[in-house]
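In: build me a model from this:
(one chain, ligands or ions: 2)
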Amino acid sequence: MKVLVVDAGGRGNAIAHSFSRSKRVKEVFVAPGNGGSEFFEKCTQAKLDGKSIPSIRAIDEIVTFAKKMEIDLAFIGPEEPLSLGIVDRLEEEGIPAVGPVREATILEASKCWAKDFLRKIGVPIPEYRNFDNPEEAKEYIREKFENGIVVKADGLAAGKGVYVCDSVDEALRAVDEIMIQRKFGDAGNRIVVEERLRGIEVAFTAISDGKNVRPFGHAKDYKRAFDPDDVEGLRNFYIGITKKFVTKSEIEKLFREGKLLNPNTGGMGAVSPHPDVNGEIEEKIMNLVVEPIIREFRSQKGIEFRGVLYPVIMLVKEDEELVPKVLEINVRDCDPGAQVKLPRVESDMAEISLAVIDRRVDEIEIKFSNDICVGVCAVSGALKGREGLKPGYPADHYTSQPITGIEDAMREGMVYANGIAKDDGFVTTGGRVLTVVGKGKSIDEARQKAYSALSRIDFPGMRYRKTIGLDVPE
Ligand code: AMP
Ligand code: GLY
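Out: Ligands and ions are numbered 1, 2, ... in the order given. You can find the predicted model right below:
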């Protein structure tokens with residue numbers, strides 16, 4: 001079989017790696033892929049007329065490539081091509097694809113729609129209201145603010161449209177940024193304002209053929225940019241952003257006063273399985289969240305959701321019981337969650353995908369090993385260069401920095417590239433650069449392997465969190 005994985009990052013390389021372990025699979029192409037797509041046996045970066053595919057949005061080129069190479073099966077990683085209808089286009093050409101059709105991406109593409117849908121079908125969610133008028137939203141915020149509030153742009157905003165707010169002022173500013181300054185364009189025509197929940201956050205995934213749905217593993221995703229005690233890291237970031245020098249004692253004072261914001265990112269690392277999720281909780285999430293979504297989406301909208309469903313869950317304690325409440329729904333797998341889940345899949349990834357296509361997900365076994373995987377992201381951190389000091393990911397950062405030690409690291413762990421290119425050697429191309437994964441019988445062993453592998457790698461400005469896998473406040 002020839003498989004095409006559509007993705008540009010670490011998730012896509014992990015998906016490709018999992019397909020490469022299937023006896024049925026001869027070749028795996030990754031489009032557009034990156035400089036790390038060829039780290040694994042059978043895996044190649046897609047080339048059309050000798051050139052890489054320009055981006056995940058280049059649907060025409062990707063479909064042309066799939067036709068030309070006679071691809072037997074495609075697996076789509078990110079939401080953008082899905083919401084541009086890549087699965088519809090591939091299916092028109094007779095190429096089976098794992099991923100929802102365009103109409104089904106509304107679950108992720110409109111947060112307002114998704115919230116109304118979940119409420120209607122009785123899935124537990126935080127208290128919320130949707131607004132298209134900023135003044136009304138502000139009134140609601142002033143009225144409802146108790147323990148924090150979250151303001152979200154309705155549409156796709158590359159993971160940046162969510163503001164978790166500690167004060168009324170912060171929430172009012174979020175409304176202005178989204179609706180008045182229109183920081184995310186039309187994605188901010190409407191917003192959701194919701195109660196801030198406190199609990200245990202879980203990146204939960206399931207895979208569905210539209211009728212049947214099975215658990216597809218879970219992970220704990222570490223989203224804060226810095227370890228909770230990394231005052232020096234926060235200081236460099238802060239200086240990079242404000243371009244104002246601050247002393248150590250000044251920054252420590254700001255930190256103590258809670259005035260230093262530890263920014264949210266797309267993910268700085270992950271551990272799978274999620275240490276707080278047992279079989280009973282998994283069953284509860286399947287019964288209360290995943291199954292109703294798949295069933296009701298089909299019966300109310302008349303659309304089958306085929307692919308990976310990734311609800312972000314907050315486990316909230318109510319009357320001594322953990323209730324799973326949905327924060328967001330994603331119509332694809334998680335990054336970096338996939339990099340720690342997929343190396344644990346013992347079943348054949350091609351078999352799983354074919355079962356999705358043939359609508360017999362109920363008939364197959366999806367088995368995960370009992371091993372634990374810890375993945376740590378190496379990111380482009382604060383760096384002084386030709387354009388002065390840049391704060392680093394998740395803000396402005398330098399790219400094109402030479403990377404050393406990848407081959408050495410691969411002897412100790414798995415290296416999934418998020419943003420690298422291969423030239424003479426490897427160079428950085430993005431904020432998140434690599435996800436380095438260690439696998440072991442315990443979290444300690446997996447952590448030790450991941451960090452040991454990571455210690456072989458270096459590039460100017462490289463930064464990573466030291467607490468991935470540990471139970472630290474996020
Ligand atoms: P998203 O990228 O849309 O998944 O949201 C970003 C992050 O914001 C989530 O992973 C949570 O950590 C946080 N978040 C979103 N909604 C809430 C909420 N209602 N309460 C607390 N945290 C939230
Ligand atoms: N790590 C968050 C996401 O994949 O949406």
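
In: stretch 86-97: which residues count as buried?
Out: If you call a residue buried by 16 or more other Cβ atoms under 10 Å, then stretch 86-97 has these buried ones: Ile86, Val87, Arg89, Leu90, Ile95, Pro96, Ala97. C-beta: built from backbone N, CA, C; applies to glycine.

In: just these now: which is nearest Ala421?
Out: Ala421 lies nearest to Ile86 out of those, by Cβ to Cβ, at 23.4 Å.

In: mind listing what's buried in stretch 38-45?
Out: Glu38, Phe39, Phe40, Lys42, Cys43, Gln45.

In: biggest separation within the residues you listed, which pair?
Out: Within these, Lys42 and Gln45 form the most distant pair, 12.5 Å apart (Cβ to Cβ).

In: show me where pLDDT drops low in the protein?
Out: Of all residues in the chain, none has pLDDT under 70.

In: how about the residues of it that lie near ligand 1?
Out: Applying Cβ under 6 Å from any ligand atom, one finds that the chain approaches ligand 1 through 126, 150, 159, 162, 164, 194, 196-197, 201, 223, 264, 312, 327-328.

In: out of those residues, which sit inside strands?
Out: Val150, Val162, Val164, Glu194, Glu201, Lys223, Asn264, Val312, Leu327, Glu328 (DSSP state E).

In: Serialize those to JSON lines and add fields for neighbour count and distance to Val277.
Out: Shown next, in JSON lines, are these (neighbours: other Cβ atoms under 10 Å; distance: Cβ to Cβ, whole Å):
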{"residue": "Val150", "neighbour count": "19", "distance to Val277": "23"}
{"residue": "Val162", "neighbour count": "16", "distance to Val277": "22"}
{"residue": "Val164", "neighbour count": "17", "distance to Val277": "22"}
{"residue": "Glu194", "neighbour count": "20", "distance to Val277": "23"}
{"residue": "Glu201", "neighbour count": "19", "distance to Val277": "11"}
{"residue": "Lys223", "neighbour count": "21", "distance to Val277": "17"}
{"residue": "Asn264", "neighbour count": "17", "distance to Val277": "22"}
{"residue": "Val312", "neighbour count": "17", "distance to Val277": "13"}
{"residue": "Leu327", "neighbour count": "21", "distance to Val277": "15"}
{"residue": "Glu328", "neighbour count": "16", "distance to Val277": "17"}
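
In: tell me which two in those are the farthest apart.
Out: Glu194 and Lys223 (17.4 Å).

In: for ligand 2, give me its nearest residue in the stretch 51-200 of the chain.
Out: In the stretch 51-200 of the chain, the residue that lies nearest ligand 2 is Gly159 (6.0 Å; Cβ to the nearest ligand atom).

In: who's in contact with Arg21?
Out: Asp348, Met349 (Cβ atoms under 8 Å, 6 or more residues apart in numbering).

In: the residue nearest to Leu48 when sequence neighbours are not counted sits in which helix or strand?
Out: Once flanking residues are discounted, Leu48 sits nearest to Phe65: 5.0 Å by Cβ to Cβ, 6 or more residues apart in numbering. Per DSSP states H and E, Phe65 falls inside helix 59-68.

In: what's the first helix or strand after that helix?
Out: That would be, after helix 59-68 and using DSSP H and E, strand 73-76.

In: those residues of the stretch 251-400 of the chain touching ligand 2, which are they?
Out: For the stretch 251-400 of the chain, the contact set with ligand 2 under Cβ under 6 Å from any ligand atom comprises Gly266, Gly267, Asn330, Cys334, Asp335.

In: what number of residues lie near the residue of the stretch 51-200 of the chain closest to ligand 2?
Out: Gly159 has 15 neighbours, counted by other Cβ atoms under 10 Å.

In: surely it and Gly266 touch.
Out: Yes. Checked against Cβ atoms under 8 Å, the pair Gly159 and Gly266 is within contact range at 4.9 Å.

In: helices or strands next to whatever helix or strand Leu315 lives in in the packing?
Out: Per DSSP H and E, Leu315 falls inside strand 306-318. Judged by 3 or more Cβ pairs under 8 Å, 6 or more residues apart in numbering; DSSP states H and E, strand 306-318 is in contact with strand 97-98, strand 200-209, helix 279-285, helix 291-301, strand 321-330, helix 349-357.
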